[in-house]
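Peer 1: Mind looking at a prediction? Sequence and model below.
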There are 2 protein chains.
Amino acid sequence: MKPYPAAKAYRLLEPGPVVLVTTRAASGRANIMTMGFHMMVQHDSPPLIGACIGPWDFSYAALRETGECVIAIPTADLAGTMVDIGNCSGRDVDKFARFRLTESPAGTVRAPLVAECLANIECRVADTALVDAYGLWILEAVQAWTDPDRRERRTLHHNGDGTFTVDGKVISLQDRMVLWKQFQD
Amino acid sequence: MKPYPAAKAYRLLEPGPVVLVTTRAASGRANIMTMGFHMMVQHDSPPLIGACIGPWDFSYAALRETGECVIAIPTADLAGTMVDIGNCSGRDVDKFARFRLTESPAGTVRAPLVAECLANIECRVADTALVDAYGLWILEAVQAWTDPDRRERRTLHHNGDGTFTVDGKVISLQDRMVLWKQFQD
């Protein structure tokens, strides 16, 4: 994993991949969940992310308690693992052990990075105003990481029904985005 | 356009496509913008969507004034149009005319459907608590539409830098999503 600017976290999340979220409870225990309901809220100053994690998620208590999590982005080769992570609870299972995932130390938060993922974004809770109503957290991206050597880089998009669309070809329309040049460096 | 259950709007938005948003000001004037910062917030009862539309967007005033919009989903054949819509302002341009898009009447809101798109979701503002802080609106999906006859169905995902990933192949992991069977009907 190589450092990646938190201010460019939008490049990782705006395309809408299904992600994993890690937390570490104050007890020291790490957990990981699968999440499809997330968005960028603000590009930078600071970079903000919206994410739905409700009391029905085991990770909710650790996020409340610590105010920290990591958003990790899995690729097509991890599709089965990503689905299986979402189909059991940290209440019952040590998911890092069961799915043979590697907890890698983060730079600024206690929640672990997932070494097997394409990218990891360290987050701190920035606003809880809509947590009680919808489980909607506003997170600040404080540090990010990517694995430049990974061969499989195609992410997955959940169609909501247990099917996933794999990334296809990339097209560039940079020349036409004249009002948005500041985001193309 | 054929009716599509609003309660299944998550199937259209959870994959994270770049979308268009239409509004109609009280004056009667329609506008359309491009949006990459959105998410599902709640599957159903009611279906809720988070969307970032700030005072920097010309559509913001109409959304504030009317509490209504339509989220339309363009496909790969509309990539250039989608980018060009995001690179001019309704302040200066009648975008439906300039881009030869067809305003189609919605069922429950005054904002128009975009006949050329794969799907349209009629929305009403449900919660404005985070609008002043981040331009983050909570919208309720009240009615949806899809075009079952459209041949090009691949959506686009904005990588944040003027490049877009086109949908590739679809894989099914429905058999492994045992905890989520209720979303597969």
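Peer 2: Looks like it came in fine.
Peer 1: In chain A, where is pLDDT below threshold?
Peer 2: Of all residues in chain A, none has pLDDT under 70.
Peer 1: Once you drop chain neighbours, what's closest to the residue of it found nearest chain B?
Peer 2: Using C-beta to the nearest C-beta, residue A:16 is the residue of chain A that sits closest to chain B, at 1.2 Å. In this view, the C-beta of every residue, glycine as well, is placed from N, C-alpha and C. Of all residues not flanking residue A:16 in the chain, residue B:16 sits nearest, at 1.2 Å (C-beta to C-beta, 6 or more residues apart in numbering or on different chains).
Peer 1: The nearest residue to residue A:134 once chain neighbours are set aside: what's it in contact with?
Peer 2: Nearest non-adjacent residue to residue A:134, counting by C-beta to C-beta, 6+ apart: residue B:41, 5.1 Å away. Contacts for residue B:41 (C-beta atoms under 8 Å, 6 or more residues apart in numbering or on different chains) come out as A:37, A:52, A:134, A:136, B:48, B:49, B:50, B:138.
Peer 1: ok, those residues vs residue B:74, which is closest?
Peer 2: Set against residue B:74, the nearest of these by C-beta to C-beta is residue B:49 (16.8 Å).
Peer 1: which other helices and strands contact the helix or strand hosting that closest one?
Peer 2: In the assignment (DSSP states H and E), residue B:49 maps to strand B:48-52. Under the contact criterion of 3 or more C-beta pairs under 8 Å, 6 or more residues apart in numbering or on different chains; DSSP states H and E, strand B:48-52 touches strand A:38-42, strand B:38-42, strand B:119-127, strand B:136-146.
Peer 1: out of those strands, which comes closest to residue A:30?
Peer 2: Of all the helices and strands packed on strand B:48-52, it is strand A:38-42 that lies closest to residue A:30, at 19.8 Å by C-beta to C-beta.
Peer 1: Off-centre distance for that closest one?
Peer 2: Centroid separation for strand A:38-42 versus its chain: 11 Å, with C-alpha atoms, centre = their mean, to the nearest Å.
Peer 1: and the residue most central in space within chain A, helix, strand or coil?
Peer 2: For chain A, the residue sitting closest to the mean C-alpha position, by C-alpha atoms, centre = their mean, is residue A:71 at 2.3 Å. Taking DSSP: H, G, I helix; E, B strand; the rest coil as the rule, one finds residue A:71 in the strand state.
Peer 1: Please give me every residue in contact with it.
Peer 2: A:13, A:19, A:20, A:21, A:35, A:38, A:49, A:51, A:120, A:121, A:123, A:139.
Peer 1: What's the local residue count around the nearest residue to the last one once chain neighbours are set aside?
Peer 2: Same thing as residue A:139. Once flanking residues are discounted, residue A:139 sits nearest to residue A:123: 3.9 Å by C-beta to C-beta, 6+ apart. Residues near residue A:123, counting by other C-beta atoms under 10 Å in any protein chain shown, number 31.
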